[in-house]
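**Student:** when you get a sec, could you give me coordinates for this:
(one chain, ligands or ions: 1)
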Amino acid sequence: MTSFFAKARERAEAAAQQLQAHHAASSAGQAGDASVSSDAANPSGSTSGSGFTYKGSMPHLFRQGLASVDPRYESTRQFHLLSQAIKGFNIDHEAAGREAKSLAKATFVWGQHHLPEKRDDSGGDEMLVDVADRLAYVWHEIGQLETAHGQRSEQARSRLKRFEKAEMELGQRRANRSKLKKELHALMPERAIAAGSARIQEAEARLRDLISDDQADEEYLSRVKRESVQDGYAAMFDSLIELGEKMALVARYGKLLTTTISTEKSPFPATVKPRGESIPLWEGASKTAEVRAALASALSTFKPDLSLPDLPAESALSATTSLGRADTVSPSATTVDTLRSPTTNPFADPAALPAVAGGSAAQDEEPLSPPGPPGPTVAETGVVPTGPGGPKSGTLRPRRSSASQRSASISAGAVAYLGPTGTYSHQAALKVFGEAGTNLIPMQSITGAIDFVRRGTPGNAKIAIVPVENSTFGPVRETFDKFLGISNGDRHAFKPADGAQLHIVGEACLSVDHALLCGPKTYHHLLQLQGDTDPNASIRDDTLSNITNVISHEQALGQCSHYLTRYLPQAKKKAVESTAAAAVTALEFEAGTAPGRSSASVDHAHESLGFSSNSLVAAVGAEAAVTTIGVRVLRSKIQDVKDNRTRFLILASEPLEGLLAVNALPPSITQLYSLPSPAGKTGRSLLSVSDALTSDLTAEAGSYSGQASTLDRVVSQLQRLEAVSMRKMDRRPASMVDAPVAGSSVWRSNYLIELQYPADHASVAEGSIRQVVAELSSGPIATSSVGSSAPVSYLGSWLVDATTLSGGAASSVAAGKATQVLPASGSGLPTTTLPASFNLSEREPKELEAQREAAEVQRHAEQARLSRQQQQAELYGVEAQPSASVAGGSGTQRLSGLQEVEGEQRLTEEEGLPAYQPLDPRS
Ligand SMILES: O=C(O)C(=O)C[C@]1(C(=O)O)C=C[C@@H](O)C=C1
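**Tutor:** The predicted structure is shown next:
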């Protein structure tokens, strides 16, 4: 025992001394010279100079640590330095992770500092609170990425170190071989004189033995070393690729968040309002929530591209770098710059300079203005520069723009559609208006999109694209009801600003292929149910039948009803606002949280959707949801009819002339009106008819009067019109539109009648249709109609052609930019073919709906605030900031006092557009 400890101590002390010697050598600047010969000579145990004296016994692990830095062997020492350098790099990433997380916390806390209820200096800013909160989340994710990379890269380093032990073990043997070689070398003169002397022969034989003994181990070490370098570095680069790509992804969402910040309007003074119980809301809150949800989902499903790049051809290499493949030494950046820069030697003959690839292309480029020192900033000079560009820094407040300037800059020509991103309406908007140049605005509902148009003002046109009918499932109820002023119990009619109207300016058709979608966890669960371990295996039909709930827009459910009945017989169907909202809901359900909602409300929401904790939820929607929302496809093309199409109408707040004047329409529409000959095109008009079944009314009296219904009269009058045919007629019950009229029939109806005619007959047809409407609305028939309004209304006319009617992919014209050049004068635009406006008249009081909307948005904002404060408090270790209204638990309270007025104003202001909010099934 004693000898074991004595030996161990002896070895430890020797190691300590070696360490000390190494330390002394390094600090004397000799580290780079250390070699087997110099280091192997043990510096006799002297401790002078370093101030380090080893006294006690050496714990085993420490000894091992010392052994790994054994400085006697050059290869071990160099690798140790390399490994430590990698470790330092990894530690720095972890440190960057911590820094990013404290940046997240600081951002959050700074944002909370702007809570208006916490400020008595009126400096509150709801928008900053919200955006800072979301930005904090972005930074937190960045921190997570850095930390994860630091840890992964450390694991990679341990793979790289796999050969270290073997090399350590071989170190002594290598030293022995080396020593022997040196001895032989020292014997050289003797060797020359007496070749074959016994001593030399013995030494040579020993060396051969040593080499052959070590051969296998050296070979093994060499292989393991190469493998370790390959494995370890590849793993490190994989981790770096993932870090880089995810970082770019997160940064993009971070940048997206910054675009939600409105710089137009100051919230000051924020505290003069009587705040009551509730919190003023910022209308962009739902948008920032959407960005956060999209980021979370994008990150959770993100797969880095770990493929290897192809090397370009030799010619391409030298064209871009002026270096060929034969170059093995990289010239320094300065050399390259010198070669490239024609200004380095102003006297040099350009022809004599080495050919620089891209030189001729560079000559084609716009000349850059000569670089000069940057001008002074406003902060430096205190002087606000005049002229275009305005102040150079944010130190001085920009002048407030007028309301009209603001509205013009914010959303002239903006196009609303049923959101969120990934709906068919979004696809239709992209098809017609293209991505570039158009401000596409996702709305919570079709009603919202139509009301968006209502907010247009002259010079600030608003546009919407709404689904109107499907070839398989028929009319889109919400659009019809909105058009007809019916909305299931609510008195929802258009409430345009004075003079504002709604015009139909065109239509588009989209092929609709539905997919059965689910979140990744549900997919995984289904795989488990069928006993598959391959994560990419497809789900069998019999496994699909385990799905308990399927959600989508009612149109999509209707269009797939046979498929769903056959393959998902157990699944409860639930209609939600849109197909993409359904995909988001499925994902949220899986995640167990919904952005902007407290967990209690999530439970409630899911209960009201009919979900329980063990539900398996699928959605029906577009495959586009895979990339935009992050769901997986269970089945493609599940619609009952293969060629399934949906027709969309394009609505605008101004008649066509006005839209063309602000360049708000895509060429696919403007072309219809700009060509001198409208041959081959079709004109269409829409009318609405309010009616009751008079036969039933009179039947109550027990007799048949023979009195013609309004519908009867409208149809017979229209039939007399030359070249006008009835394309279709749809009925919606009108029972909820007006207060019950005494003696009226329960079979009151609203009809939408669509007429069509050749486009070259458009102006005549339109005139005569209008005349029929005028006669029937004001004649004796008007009094016999049910309801307070005119029995027949003209809703508008527009033109269509093969492009707008095709359901396929966007034509190159249609997919172009929305902002267009006006047709040349005399192009036929002002001719008689231009349809008149679609004027949906207004009957309902506007205040009621504005109040309802304001309360609704308010409720969402409050829920979002509570849930996020809780989440953030957990995430950043910050105390939650209780808000008066949330603490009071009145999630649905109405605005009161001044706020109510402001809420209403906000909704009628340009900036107060009700953008897409997360689904809340309770509403
Ligand atoms: O939910 C969507 O994705 C929509 O854009 C709505 C809508 C519709 O209302 O008809 C659009 C096209 C399809 O027919 C299914 C749904």
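
**Student:** which residue comes closest to residue 236 once chain neighbours are left out?
**Tutor:** residue 156 (4.2 Å; C-beta to C-beta, 6 or more residues apart in numbering). Every C-beta, even on glycine, is put in place using the N, C-alpha and C of the backbone.

**Student:** would you check that that neighbour makes contact with residue 240?
**Tutor:** No - applying C-beta atoms under 8 Å, one finds residue 156 not in contact with residue 240, separated by 9.6 Å.

**Student:** give me phi/psi at the closest residue to the ligand within the stretch 201-350 of the chain?
**Tutor:** In the stretch 201-350 of the chain, the residue found nearest to the ligand is residue 290; the distance is 15.7 Å by C-beta to the nearest ligand atom. The phi/psi pair for residue 290 (degrees, to the nearest 10) reads phi -70, psi -40.

**Student:** A strand includes residue 723, no?
**Tutor:** No - under DSSP: H, G, I helix; E, B strand; the rest coil, residue 723 sits outside any strand and is assigned coil.

**Student:** which other helices and strands contact the longest helix along the chain?
**Tutor:** In the chain, assigned by DSSP state H, the helix with the most residues is helix 198-259. Applying 3 or more C-beta pairs under 8 Å, 6 or more residues apart in numbering; DSSP states H and E, one finds that helix 198-259 contacts helix 126-160, helix 164-186, helix 188-193, helix 285-301.

**Student:** now those helices in a markdown table, with mean pLDDT, mean neighbour count and distance to residue 104?
**Tutor:** Listed next are the helices and strands packed on helix 198-259 as a markdown table, based on pLDDT from 0 to 100; neighbours: other C-beta atoms under 10 Å; distance: least, C-beta to C-beta, whole Å:
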| stretch | mean pLDDT | mean neighbour count | distance to residue 104 |
| --- | --- | --- | --- |
| helix 126-160 | 90 | 21 | 4 |
| helix 164-186 | 81 | 15 | 37 |
| helix 188-193 | 56 | 10 | 69 |
| helix 285-301 | 87 | 21 | 13 |
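
**Student:** need these in TSV (columns: distance to residue 625).
**Tutor:** Below are those laid out as TSV (distance: least, C-beta to C-beta, whole Å):
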stretch	distance to residue 625
helix 126-160	22
helix 164-186	49
helix 188-193	80
helix 285-301	10
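
**Student:** low-confidence stretches in the stretch 801-923 of the chain?
**Tutor:** Residues of the stretch 801-923 of the chain meeting the criterion pLDDT under 70: 808-923.

**Student:** using the three-state scheme, assign the residue in it that the ligand sits nearest to.
**Tutor:** As assessed by C-beta to the nearest ligand atom, the ligand sits closest to residue 807 within the stretch 801-923 of the chain, at 11.1 Å. The local conformation at residue 807, judged by three-state DSSP, is coil.

**Student:** is it true that it touches residue 510?
**Tutor:** Yes - using C-beta under 8 Å, residue 807 and residue 510 qualify as a contacting pair, with a distance of 5.7 Å.

**Student:** so which of these two has more stuff around it?
**Tutor:** residue 510 (25 against 16; other C-beta atoms under 10 Å).

**Student:** the more buried one: what's its closest spatial neighbour, skipping adjacent residues?
**Tutor:** Nearest residue to residue 510, sequence neighbours excluded (C-beta to C-beta, 6+ apart): residue 428, at 4.8 Å.

**Student:** and the one you found, how far from residue 466?
**Tutor:** 9 Å (C-beta to C-beta, to the nearest Å).

**Student:** so what sits against both of those two?
**Tutor:** 417, 648 (C-beta atoms under 8 Å, 6 or more residues apart in numbering).

**Student:** can you list the residues of the protein near the ligand?
**Tutor:** Within the chain, the positions adjacent to the ligand are 418, 423-425, 467, 470, 476, 512, 553, 555-556, 578-580, 646 by C-beta under 6 Å from any ligand atom.

**Student:** swap in 8 Å and give it another go.
**Tutor:** For the chain, the residues in contact with the ligand (C-beta under 8 Å from any ligand atom) are 417-418, 422-428, 446, 467, 470, 473, 476, 478-479, 510, 512, 514, 552-556, 559, 577-582, 621-622, 644, 646, 648.

**Student:** now intersect those with the helices, please.
**Tutor:** Per DSSP H, those map to helices at 424-428, 446, 478-479, 554-556, 559, 579-582.

**Student:** break this protein down into its domains, please.
**Tutor:** When the chain is parsed with automatic domain parsing, its domains come out as 1-63, 515-635, 682-800.

**Student:** residue ranges with poor pLDDT in the stretch 201-350 of the chain?
**Tutor:** 265, 267-282, 314-350.

**Student:** and what of the stretch 651-800 of the chain?
**Tutor:** The model of the stretch 651-800 of the chain has pLDDT under 70 over residues 662-663, 668-669, 671-679, 693-706, 735-744, 778-790.

**Student:** ok, 80 please
**Tutor:** Flagging of the stretch 651-800 of the chain using pLDDT under 80 yields the residue ranges 655-680, 691-708, 734-748, 777-791.

**Student:** give me the residue from it nearest the ligand.
**Tutor:** Residue of the stretch 651-800 of the chain nearest the ligand, by C-beta to the nearest ligand atom: residue 730 (14.0 Å).

**Student:** does that residue sit in a helix or strand, and which one?
**Tutor:** Element membership of residue 730, judged by DSSP states H and E, is strand 725-733.

**Student:** tell me which residues of that strand are tucked away?
**Tutor:** 730, 731, 732 (16 or more other C-beta atoms under 10 Å).

**Student:** paired strands for it, with orientation please.
**Tutor:** Each strand paired with strand 725-733, and its direction, by DSSP bridges: strand 749-758 (antiparallel).

**Student:** contacts for the strand it pairs with next, please.
**Tutor:** Outside strand 749-758, the residues that touch it by C-beta under 8 Å, 6+ apart are 475, 480, 483-486, 681-693, 711, 714-715, 718, 723-734, 737, 765, 769, 795.

**Student:** switch the cut-off to 6 Å
**Tutor:** Strand 749-758 has contacts (C-beta atoms under 6 Å, 6 or more residues apart in numbering) with 484, 682-691, 723-732, 734, 765.

**Student:** and what of stretch 217-224?
**Tutor:** Counting by C-beta under 6 Å, 6+ apart, residues outside stretch 217-224 touching it are 163, 166, 167, 170.

**Student:** equivalent analysis for stretch 94-105, please.
**Tutor:** Identification of contacts with stretch 94-105 by C-beta under 6 Å, 6+ apart yields 136, 139, 140, 142, 143, 146, 147, 150, 876.

**Student:** quick one: which two of those are the most distant?
**Tutor:** Between any two of those, the greatest separation by C-beta to C-beta is 20.9 Å, found for 136 and 150.

**Student:** show me where the stretch 501-650 of the chain has its helices.
**Tutor:** Assignment of helices within the stretch 501-650 of the chain using DSSP state H, counting those that start in this stretch yields the ranges 520-529, 541-544, 554-559, 561-567, 579-591, 599-608, 625-628.

**Student:** rank the ones you listed by pLDDT, which is bottom?
**Tutor:** If the helices of the stretch 501-650 of the chain are sorted by mean pLDDT, helix 599-608 sits at the bottom with a mean of 58.

**Student:** check which helix or strand the residue lying closest to residue 154 once chain neighbours are set aside maps to.
**Tutor:** Excluding the flanking residues, the one nearest residue 154 by C-beta to C-beta, 6+ apart is residue 90, at 5.0 Å. Residue 90 belongs to helix 74-112 when elements are defined using DSSP H and E.

**Student:** pLDDT on that helix, on average?
**Tutor:** Across helix 74-112, the average pLDDT comes to 86.

**Student:** so which bits of that helix are buried?
**Tutor:** 74-77, 79-80, 83, 86, 90, 93-94, 96-97, 100-101, 103-105, 107-108, 111-112.
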